[in-house]
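**Q** pasting a predicted model and its sequence here:
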Amino acid sequence: MADITEFAGLELPGTYLDEDLSKLRSDLVKIDAQLKQAKDERTAEAKARQEADDALGEGLSAEAVARQRGGQYLADALSIEAGDREEAEKALQKRIDAFEVARGKPLGLATLDADGIVPATQIPFAADSDTTSKDRVATPACIVSWFGKSLTESGWQILPSGLILQWGWQSNIIPNPTRVVFPVSFPNSILQVIGSPYRKTVPTLGLISIADFNVSGFTFNSFVAPNGVSPGEAGANDAVIIKYIAIGF
C-alpha cells in the first residue's frame, strides 16, 4: 500500500470539476441576467406599442368627432347662407318689381314703403323736387332725364361721368378751309376730334385734314386724288364730306 504522502504534490481530478462547475454557474447567472433583460425589453416594447395603439385610437376617435362637428358646422353655415340668399333674392325681386312698375312713368320721385319698395300708388310725384333724401328713389324716366341727349344725324349725348359725345357731318366749302360748328358747344373743354372723308364719286378719292378745333367747332381742309394721281386741293366740283366724332366735357 502506497503512502498518501506520495500523492501530496498531485492535483486530483475533483479539483478540475469544481472549477468547471463554478464557471458554469457563473455563465448561467450571466445567461439568466441576459434573459431577464431581454424579457424586460420585450415587456417595455409591448407596453409602448400598446400605448401607441391607445393613442392612435384616441386620435382617430377625436378626429371622427371633430369631422362630425365640422360637418355639422358646415351644414349649419350652408343653411344660414341659403336662408340669407333667399332673403336677399326676395328683397332684390321687390326692387325689380318696383322699378318695373315705375318704368315708363313721367318724371318724378316716390317714397319707399316699410318694405323698402315703391308703392304703385305713389309713382311718381311729379311736383316733388327732393333728390337728396335717402328714403326716396328716382323713377327710370327721372334718371334718364338727368343726362341730356339729341339722337339725330348731327347730335350729342351727355354721359353720367360728365363726358359729352358729339357727332355729325359737313360737306366741304371751296376754297379751303371749311368750318364745322358742333351741335352744342362743350361747356369746359374739347378733348379730341376724329374725322373720316366720304365721297360718292369714284374712282376719285376724297381726303380731309383737320386743321384746328375748339369747344364750338373745328376746321378742315379737303383734297381729292383721282386714280393714279397725287392728291390735290379739292376744286369747285369736288364734293368731299367729313363725318366726325368729337369728345369733350
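**A** Great, that's in hand. Residues are numbered from 1 along each chain as shown.

**Q** packing partners of the helix or strand encompassing residue 18?
**A** Here residue 18 sits within helix 13-102, counting by DSSP states H and E. On a contact count with 3 or more C-beta pairs under 8 Å, 6 or more residues apart in numbering; DSSP states H and E, helix 13-102 meets helix 140-145. Every residue, glycine included, has its C-beta placed from N, CA and C.

**Q** low-confidence ranges in this protein?
**A** 1-16, 92, 95-113, 115-146, 201-203, 228, 230, 232-233, 235-237 (pLDDT under 70).

**Q** one more time with 50, if that's ok
**A** Residue ranges of the chain with pLDDT under 50: 4, 7, 10, 12, 104-108, 124-135.

**Q** burial measure for residue 172, as a count.
**A** Number of residues near residue 172 (other C-beta atoms under 10 Å) recorded here: 24.

**Q** I'd say it and residue 224 touch.
**A** No - applying C-beta atoms under 8 Å, one finds residue 172 not in contact with residue 224, separated by 9.8 Å.

**Q** need the overlap of contacts for these two.
**A** 234, 238, 240 (C-beta atoms under 8 Å, 6 or more residues apart in numbering).

**Q** got a quick PyMOL command for the buried subset of these?
**A** To isolate the buried members of the shared contacts of residue 172 and residue 224 in PyMOL, using 16 or more other C-beta atoms under 10 Å:
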select buried, resi 234+238+240
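
**Q** closest to residue 20 out of the shared contacts of residue 172 and residue 224?
**A** Taking C-beta to C-beta as the measure, residue 20 lies nearest residue 240 of the shared contacts of residue 172 and residue 224, at 135.4 Å.

**Q** what sits against the closest one?
**A** Here residue 240 is in contact with 171-172, 197-199, 206-208, 222-224, 234 (C-beta under 8 Å, 6+ apart).

**Q** mind giving me the ChimeraX select for those, buried ones only?
**A** Buried residues within these, by 16+ other C-beta under 10 Å, are selected in ChimeraX with:
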select :172,197,199,206,207,208,222,223,224,234
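
**Q** same for the helix or strand that contains residue 223, what does it pack against?
**A** In the assignment (DSSP H and E), residue 223 maps to strand 217-225. The contact analysis (3+ C-beta pairs under 8 Å, 6+ apart) places strand 217-225 against strand 178-181, strand 190-198, strand 205-214, strand 232-233, strand 241-248.

**Q** in its sheet, what does the first one sit against?
**A** Yep, that's strand 178-181 we're talking about. Within its sheet, strand 178-181 is paired with strand 217-225 (antiparallel), according to DSSP bridges.

**Q** residues in contact with the partner strand?
**A** Contacts for strand 217-225 (C-beta under 8 Å, 6+ apart): 172, 176-182, 193, 195, 197, 199, 204-213, 231-235, 238, 240, 242, 244, 246.

**Q** and those, which of them are buried?
**A** For the contacts of strand 217-225, buried by 16+ other C-beta under 10 Å: 172, 176-178, 180, 182, 193, 195, 197, 199, 205-208, 210, 213, 234, 238, 240, 242, 244, 246.

**Q** roughly how far apart are residue 216 and residue 186?
**A** Applying C-beta to C-beta, to the nearest Å, the value for residue 216 to residue 186 is 8 Å.

**Q** more crowded one of these two?
**A** Using other C-beta under 10 Å as the criterion, residue 216 and residue 186 rank with residue 186 on top: 19 against 13.
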